[in-house]
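Asker: Based on what follows, work out the 3D shape:
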Amino acid sequence: MTEADEPRLITPISQRQFELYALSLDHGPNFDPAHIFGSYQVGRGGASGCILLDPEQCAFTSLALRRRVDHCWVKVDESGPWPTPEAALDRLSISVRGGAAPEPLPPGARRRPLMALGECYLALPNPDANFVTDFQTNNFASRLFELYLLACFREQGLVVRQVHVSPDFWIEKDGDGCWIEAVTANSETPRAGGIGKWVHAPEDRIERLTGSPAERFAKTLRSKLKRNYHELEHVKGQPFALAIADFHASGSMVWSREALVSYLYGLRADVVGDGVERRAIATPIANLTGRDSIPAGLFRDQAFAHLSAVVFSNAATLAKFNRMGFLAGWRPPSLEMTRHGILVNRTPGALEPIDFDLYVDSAEYQALWPGGEAWCQELEVFHNPLATHQIPFALIPGAAHWFERDGNIVCSTIWASSVLSSVTHLHMVGQPDTTSGVRTQSEA
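Answerer: As a prediction, the model looks like this:
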């Protein structure tokens with residue numbers, strides 16, 4: 001084989017790698033009722049594709065993707081049905097056009113610059129012109145959160161549009177839809193850049209639940225609500241949600257989640273009793289205990305009935321992107337990755353979480369969830385019980401949904417294992433462990 005022939009060679013790749021590329025499709029890597037039978041790449045990655053098997057029809061389909069000149073993936077062919085996978089692969093081998101020049105930009109399209117978090121950025125329908133440069137400023141966290149949300153939505157088969165300057169996303173599935181505006185809770189004194197010193201949770205439990213961490217969430221959400229997105233013509237009469245992530249300090253996302261819940265519902269989680277009588281109760285609170293004494297219970301105020309829900313995740317981190325790339329096969333041969341943290345304990349009456357410490361590529365880690373780790377496992381939707389326009393659970397099926405029932409806040413989730421918080425460590429085998437400070441958080 002000559003060097004000129006190499007770009008035309010079609011070779012198998014992992015399904016997870018192809019699913020990253022397929023985030024660029026309108027519905028992401030979701031092909032129901034068909035499923036991926038085989039995934040392929042041409043040469044060094046200018047073209048890719050898969051063979052789909054429809055078990056109901058016992059037929060195969062070929063799906064071809066090619067890079068544009070700005071490296072974005074575009075679908076160039078979808079053909080079938082084919083009676084055998086060999087016939088589908090023959091078609092795929094032709095339609096990917098190995099060795100051909102990249103696809104041109106459509107008329108009027110803006111060429112995108114390259115960036116490190118490539119595949120998710122390239123999958124964005126219409127990113128801001130300053131999206132890449134924001135990664136070099138204090139807006140890094142905000143942009144990272146948007147990429148994470150896109151991956152979560154597309155993974156679940158949602159149509160994601162960016163047809164207006166704001167809100168950030170319109171998501172839609174099976175006739176249901178919602179506008180999403182993303183925001184991050186940041187430090188009041190922004191860091192000059194880089195990863196700061198790890199910040200631990202306040203030792204005082206009340207401060208952690210209803211003090212300055214809760215006030216930071218409250219100020220961030222209230223600031224966004226003042227923009228009255230619900231009054232925009234394209235938003236009126238439709239569900240609207242704010243999506244929030246906490247980046248106010250290095251490590252704060254690992255422990256600040258409960259402060260958000262306290263603020264939204266005006267309830268503080270307390271533990272009472274001893275021994276077998278020990279149990280959790282919800283204690284109503286009127287105000288947060290920070291210096292500004294902000295009223296608690298955003299979801300108790302009829303003035304905010306236009307806010308359908310607050311979407312939250314503590315996994316919009318480089319560690320999450322690193323893990324997903326690692327699992328897709330993008331890793332140095334000597335790289336080891338471990339994740340340790342705590343899982344929700346679903347034993348009735350249990351108040352303490354379950355510890356875990358596992359290699360990310362181990363069978364035990366992947367067995368925590370059907371199909372292994374997914375983008376959306378750390379995504380949570382807190383529903384406003386007073387909302388004028390409710391968000392159906394089925395719109396974001398992979399999220400954990402929190403809602404009020406008979407005066408209690410309860411959760412519905414498809415995941416048996418839910419990570420509350422975690423840290424991810426990277427280590428090059430045979431070298432000193434100098435990279436173990438790479439940290440993430442996790443869900444629920």
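
Asker: contacts and neighbour counts: CA atoms only from here.
Answerer: OK.

Asker: Next, the contact list for the closest residue to Leu395 other than its chain neighbours, please.
Answerer: Leaving aside its chain neighbours, Leu395 sits nearest to Lys173 (6.0 Å; criterion: CA to CA, 6 or more residues apart in numbering). By CA atoms under 8 Å, 6 or more residues apart in numbering, the residues touching Lys173 are Gly157, Leu158, Val159, Leu395.

Asker: which pair in those residues spans the largest distance?
Answerer: Val159 and Leu395 (10.4 Å; CA to CA).

Asker: what touches both of those two?
Answerer: Glu172, Lys173.

Asker: quick one, helices of the stretch 301-444 of the chain?
Answerer: 318-327, 363-366 (DSSP state H, counting those that start in this stretch).

Asker: which of the residues in the last one are buried?
Answerer: By neighbour count, with 16 or more other CA atoms under 10 Å as the criterion, the buried positions of helix 363-366 are Tyr365, Gln366.

Asker: And the contacts of that helix?
Answerer: Taking CA under 8 Å, 6+ apart as the rule, helix 363-366 contacts Leu358, Tyr359, Val360, Gly372, Glu373.

Asker: If we use 7 Å, what do you get?
Answerer: Helix 363-366 has contacts (CA atoms under 7 Å, 6 or more residues apart in numbering) with Leu358, Tyr359, Gly372, Glu373.

Asker: Take those and keep only those in strands.
Answerer: Mapping the contacts of helix 363-366 onto strands (DSSP state E) picks out Leu358, Tyr359.

Asker: out of the contacts of helix 363-366, which are buried?
Answerer: Those of those that meet the buried threshold are Leu358, Tyr359, Glu373, by 16+ other CA under 10 Å.

Asker: can you point me to the longest helix in the protein?
Answerer: helix 140-155 (DSSP state H).

Asker: partner residues bridging the residue nearest to Leu395?
Answerer: When bridges are called by DSSP bridges, Lys173 pairs up with Asp176.

Asker: What distance do you get for it to Pro397?
Answerer: 10 Å (CA to CA, to the nearest Å).

Asker: Equivalent analysis for Thr133, please.
Answerer: In terms of CA to CA, Thr133 sits 33 Å off from Pro397.

Asker: nearest spatial neighbour of His230, skipping sequence neighbours?
Answerer: Lys236 (5.5 Å).

Asker: In this structure that neighbour contacts Tyr229, no?
Answerer: No. Lys236 lies out of contact with Tyr229 (CA atoms under 7 Å); the separation is 8.5 Å.

Asker: Which of these two has more residues huddled nearby?
Answerer: Tyr229 (21 against 12; other CA atoms under 10 Å).

Asker: picking up where we left off before, nearest to Val429 among the buried ones among the contacts of helix 363-366?
Answerer: Using CA to CA, these come closest to Val429 at Tyr359, 13.0 Å.

Asker: Hmm, Thr338 and that closest one touching each other?
Answerer: Yes. Applying CA under 7 Å, one finds Tyr359 in contact with Thr338, separated by 4.3 Å.

Asker: Residues that sit against both of those two, list them.
Answerer: Residues touching both Tyr359 and Thr338 (CA under 7 Å, 6+ apart): there are none.

Asker: Which stretches in the stretch 151-300 of the chain count as strands?
Answerer: For the stretch 151-300 of the chain, applying DSSP state E, counting those that start in this stretch gives strands covering 159-161, 169-173, 176-185, 240-246, 267-272, 279-284.

Asker: what helices or strands is the longest one leaning on?
Answerer: Read it as strand 176-185. helix 140-155, strand 169-173, helix 212-225, strand 240-246 (3 or more CA pairs under 7 Å, 6 or more residues apart in numbering; DSSP states H and E).

Asker: can you dump the C-alpha coordinates of it into PDB?
Answerer: Provided in PDB are the C-alpha atoms of strand 176-185 (Å, rounded to 0.1, in the frame of the first residue of the first chain):
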ATOM      1  CA  ASP A 176     -42.400  18.600  23.400                       C
ATOM      2  CA  GLY A 177     -39.900  21.400  23.700                       C
ATOM      3  CA  CYS A 178     -38.200  23.900  26.000                       C
ATOM      4  CA  TRP A 179     -36.000  26.900  25.900                       C
ATOM      5  CA  ILE A 180     -32.800  26.600  27.900                       C
ATOM      6  CA  GLU A 181     -30.600  29.500  29.100                       C
ATOM      7  CA  ALA A 182     -27.200  28.400  30.600                       C
ATOM      8  CA  VAL A 183     -25.500  30.200  33.400                       C
ATOM      9  CA  THR A 184     -22.600  29.500  35.800                       C
ATOM     10  CA  ALA A 185     -22.200  30.600  39.400                       C
END
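
Asker: Roughly how far does the residue nearest to Arg331 when sequence neighbours are not counted sit from Glu373?
Answerer: Using CA to CA, 6+ apart and skipping the chain neighbours, the partner closest in space to Arg331 is Gly325 (7.6 Å). Using CA to CA, Gly325 is found at 11 Å from Glu373.
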